[in-house]
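Participant: When you get a sec, could you give me coordinates for this:
(chains A and B)
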Amino acid sequence: MVDETRRKKRLDRSIKVRTEGLYALSSWTEMLYLILPRALLIVGLLTLPLLLDMYWQRVLCAAGIYALLALGFDLLAEYVGLVCLGGAFFIGSGGYISGLLNAHLGWSALFCIPIATLGGAIFSTLVLIPALRLRGIYFAIISFMFPMFARYIIIALSIFGGTEGISALGTLPNVWTEIYLILVVVIIALFAIRRLVNEDIGLILRGIKDNDQAVKASGINITSYKIKAVFIASLLGSFGGAYLSHLYGWLGISLFAMDFSILPIAASVMGGMGTLAGPVLGAFALTPLSEALRGFGQLRVVIYCFILIGFIVYKPEGLLNYFQRKYHQFELWETV
Amino acid sequence: MDILVYGTVNSVTFALIALGFTLVYGVSRIPNFAHGSIYVLVGFLTYSFINDLTLNYPLAVFISLIIASIIGLIIYRFILIRLRGLPASEIIASFAVGLIILEGLRLQGIGGFKGFIGPFYMLPNFIEGKVCILGVFVNYQRLIIIGAGLAMIVGMSIFTHYTKLGLSLRAIAQDEHAAMMLGVNSDRTAMISMSIGSALAGLAAVTILPLGNITPEMGYHVLIYALAICIIGGLGSWWGAVFASFLLGFSMKLSTALFGAMWESVVLVGTIIFILLVKPSGLLGKQKEFEERV
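Facilitator: Have a look, this model is predicted:
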């Protein structure tokens, strides 16, 4: 044993304490302290497309989709206790509904996306309802298998274009609509969910995560709350899917690919589970990273997994929690 | 007849695949999601030892099994040990290790390493030739699979119920703290369990792989089958696992015979989902039956 003569002590910054109540409104410094991180995120996301070229704008769109999925995953995993590995199912159902409406009925993309968002969310929630009785690893495995099942069914029946998929779907009017649509949705979804989890429903959901029997004993129908949470998460995923199929003008079984289930998890782990903003930032950091590593071929996945393991083992709190601590607290060494 | 014989072979194949995973996850509750990767890795190593280093077959198998168990040890000692008690992190981390192994095998030309290039990786059969059983021709390798599978199932069942080490494996799954109070070193036991489990995955690989090509994609399938069989059968129940693999093996063969090969995967995944929905604690599982569902 090393003889420890000093230890690290963490204290809240005084400004943090002053900004907690209504008195934050009393001075500009305090208000700036509160607004700065939020404004940084919003302004940063909204100005980013202006600085990038065509190729990286596309990457940014994909990052937005992963951010929505990561947000949904974080909501389900950290606030409801349902580790959902089936993000691809949300993407797939949203994408297929929107694409099929567009291809067969000829409706425009801007009209199809909202319908598919709602339709896909309702569909995937209905499919997941029987699985909601399960918890822990059982729910994780079942939700992991649904996208696979959907893919096999589409191949076996060769419906919806079979393995080839359907191409030449209608796309969005122009590139700026594409980018800002997804970015604005990500920002709205992020702040809406942050607000939601602090409302009563968020409290109940966290109760379900910690001790579902106790919540049940309080006379609350936990299944209906779980359904609501899954519906919200699948709403985000289905929007991502519907948007994706019109972004590339193509739909196929790769909408059910494992990437959509795995990358959001990595993003959540990296950004910090349970912070909601962390997974979004994680997705915006990881997707460009994996694009930049594309030149390495298969080494990409390997590097990617090393990052993931490194974060899980050495920094399990994630980036955002770390920065939050630095922002709100200061550290000093004191002798023991 | 065809269905009966090949269904049995299929089922025992599933059982062999799931055996190592059932030992590690079902019995001592450590999710080793790198199971499928170790399976493929052992196949690949054996192949390289035979063809590149020109070792003879049994020696190559032996060395690759040793390497597999060392890998299992390393995964536990350096990664999982820091994550005990956090099931989600354990799963993600071990799955990431698995991905590193699987995708790493596809790498080409780094430091003279050559990974999978074409679909031509095959292990030789133990004994060539075939025999006629009940009017169906079966080659000897399939018979060896059945024999090895049954022997291993019985062996592991005896090992976990009647030896000291086997009992301590089950003990840390049921109540880790109580086991530690009774003098079971839980980290060392878990480490041993990981290495035995990995070696079993390797053993399954060298027995089954002579029937087909070795591809990295197999790793994912093996993992999913193993997981499904382990859970459908019920955690910690050997006979449940055997039962589950027969269920899956025959449902797969029957669906191929009735509807055609297209429906094979649909029926397989559908069966798994259905059973998990109806009875999540498994067909014969007794362990922690009430904790798994609300």
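Participant: What segments of the chain are strands?
Facilitator: Defaulting to chain A. A:6-12, A:166-167, A:250-251, A:329-335 (DSSP state E).
Participant: I was thinking of chain B, sorry if that wasn't clear
Facilitator: Ranges of strands within chain B are B:108-110, B:113-114, B:130-133, B:136-139, based on DSSP E.
Participant: Number of residues surrounding the nearest residue to residue A:131 once chain neighbours are set aside?
Facilitator: Closest residue to residue A:131 apart from its sequence neighbours, by Cβ to Cβ, 6 or more residues apart in numbering or on different chains: residue A:142 at 4.6 Å. Yep, even glycine has a C-beta here, placed from its N, CA and C like the rest. A count of nearby residues for residue A:142, using other Cβ atoms under 10 Å in any protein chain shown, gives 24.
Participant: Contacts only, for residue A:142.
Facilitator: Residue A:142 is in contact with A:86, A:131, A:134, B:273, B:276-277, counting by Cβ atoms under 8 Å, 6 or more residues apart in numbering or on different chains.
Participant: do residue A:301 as well
Facilitator: Contacts of residue A:301 by Cβ under 8 Å, 6+ apart are B:99-100, B:103.
Participant: Would you reformat those residues as JSON lines and include distance to residue B:154?
Facilitator: Shown next, in JSON lines, are the contacts of residue A:301 (distance: Cβ to Cβ, whole Å):
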{"residue": "B:99", "distance to residue B:154": "34"}
{"residue": "B:100", "distance to residue B:154": "35"}
{"residue": "B:103", "distance to residue B:154": "36"}
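Participant: filter the residues you listed by proximity to chain A?
Facilitator: B:99-100, B:103 (Cβ under 8 Å from any Cβ of the partner chain).
Participant: Which of these scores worst on pLDDT?
Facilitator: Least confident of these in the model: residue B:103, at 78.
Participant: you'd agree that residue is up against residue A:302?
Facilitator: Yes. The criterion here is Cβ atoms under 8 Å, and residue B:103 meets it with residue A:302 at 5.3 Å.
Participant: neighbours of residue B:270, just the number please.
Facilitator: 17.
Participant: Now do the contacts for it.
Facilitator: Residue B:270 neighbours (Cβ under 8 Å, 6+ apart): residue A:149.
Participant: how far away is it from residue B:173?
Facilitator: Taking Cβ to Cβ, to the nearest Å as the measure, residue B:270 falls 30 Å from residue B:173.
Participant: Model confidence score at the residue nearest to residue A:334 when sequence neighbours are not counted, please.
Facilitator: Of all residues not flanking residue A:334 in the chain, residue A:9 sits nearest, at 5.0 Å (Cβ to Cβ, 6+ apart). Looking at residue A:9, its pLDDT reads 84.
Participant: Isn't residue A:9 up against residue A:331?
Facilitator: Yes. Taking Cβ under 8 Å as the definition, residue A:9 is a contact partner of residue A:331 at 6.9 Å.
Participant: Identify the residue nearest residue A:54 in space, chain neighbours excluded?
Facilitator: residue A:175 (7.5 Å).
Participant: Is it correct that that neighbour is in contact with residue A:60?
Facilitator: No. Counting by Cβ under 8 Å, residue A:60 is not a contact partner of residue A:175; they are 10.8 Å apart.
Participant: Comparing these two, which residue is more hemmed in?
Facilitator: The neighbour comparison of residue A:175 against residue A:60 (other Cβ under 10 Å) goes to residue A:60, with 21 against 14.
Participant: how close does the more buried one get to residue A:236?
Facilitator: 17 Å.
Participant: show me the contacts for residue 24.
Facilitator: Assuming you mean chain A. By Cβ under 8 Å, 6+ apart, the neighbours of residue A:24 are A:18, A:30-31, A:33-34.
Participant: ah, I was thinking of chain B
Facilitator: So residue B:24 contacts B:30-32, B:35, B:193-194, B:196-197 (Cβ under 8 Å, 6+ apart).
Participant: cutoff 10 Å now
Facilitator: B:30-32, B:35, B:72, B:76, B:94, B:169, B:173, B:190, B:193-198, B:200-201, B:226, B:230 (Cβ atoms under 10 Å, 6 or more residues apart in numbering or on different chains).
Participant: just the helices in the stretch 101-250 of chain B please.
Facilitator: Shown for the stretch 101-250 of chain B, the helices assigned by DSSP state H, counting those that start in this stretch span residues B:140-162, B:164-174, B:176-181, B:186-208, B:218-233, B:238-259.
Participant: Can the fourth one be said to contact chain A?
Facilitator: Going back to what we said before, that points to helix B:186-208. No. Using Cβ under 10 Å from any Cβ of the partner chain, helix B:186-208 never reaches chain A; the gap is at least 15.9 Å.
Participant: Thanks a lot, catch you later.
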